[in-house]
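Chemist: coordinates only, sequence not included:
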């Protein structure tokens, strides 16, 4: 795991503790449809596990492009992503961060600007 990714997962942990994440591919895709109105429900950045299927990757990519939300495909698998968000014994394909500040910090690690996309 890269140092940048380790920092991103650390910030993701803060977002989880703050309750400002959407966990799971289906929930992330559904939450992307919500209008970002300050309610904190629409993901501002999506982190995707490396081992998602081609179909799932396309689904996430299509939704994030359509709703102009940045997405990052991580180098860790779904099991490690599940552990990072506190889900033991399972896998997680994608996580959306809904907190403006934490999403901005995570995006900045990857050279992405949140303000340009929302």
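Modeler: Good, I have the coordinates. These numbers come from a predicted model, not from an experiment.
Chemist: any idea where the helices of the protein begin and end?
Modeler: Counting by DSSP state H, the segments of the chain that form helices are 3-18, 25-32, 54-66, 78-84, 100-109, 114-117.
Chemist: Could you save those as CSV and add columns showing mean pLDDT and distance to residue 46?
Modeler: For glycine as for every other residue, the C-beta is placed from the backbone atoms N, C-alpha and C. CSV is the format used below for these (pLDDT from 0 to 100; distance: least, C-beta to C-beta, whole Å):
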stretch, mean pLDDT, distance to residue 46
helix 3-18, 94, 11
helix 25-32, 95, 6
helix 54-66, 96, 5
helix 78-84, 95, 12
helix 100-109, 95, 10
helix 114-117, 60, 11
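Chemist: can you tell which of these is closest to residue 92?
Modeler: Comparing the helices of the chain against residue 92 with C-beta to C-beta, the closest turns out to be helix 78-84 (4.2 Å).
Chemist: what's that closest one packed up against?
Modeler: helix 3-18 (3 or more C-beta pairs under 8 Å, 6 or more residues apart in numbering; DSSP states H and E).
Chemist: wait, what's in contact with the closest residue to residue 7 other than its chain neighbours?
Modeler: Counting by C-beta to C-beta, 6 or more residues apart in numbering, residue 109 is the residue found nearest to residue 7 once chain neighbours are left out, at 5.8 Å. Residues in contact with residue 109 (C-beta atoms under 8 Å, 6 or more residues apart in numbering) are 4, 7-8, 11.
Chemist: do residue 14 as well
Modeler: Neighbours of residue 14 in contact, by C-beta under 8 Å, 6+ apart: residue 102.
Chemist: Okay, residue 15 and residue 88: tell me how far apart.
Modeler: 18 Å (C-beta to C-beta, to the nearest Å).
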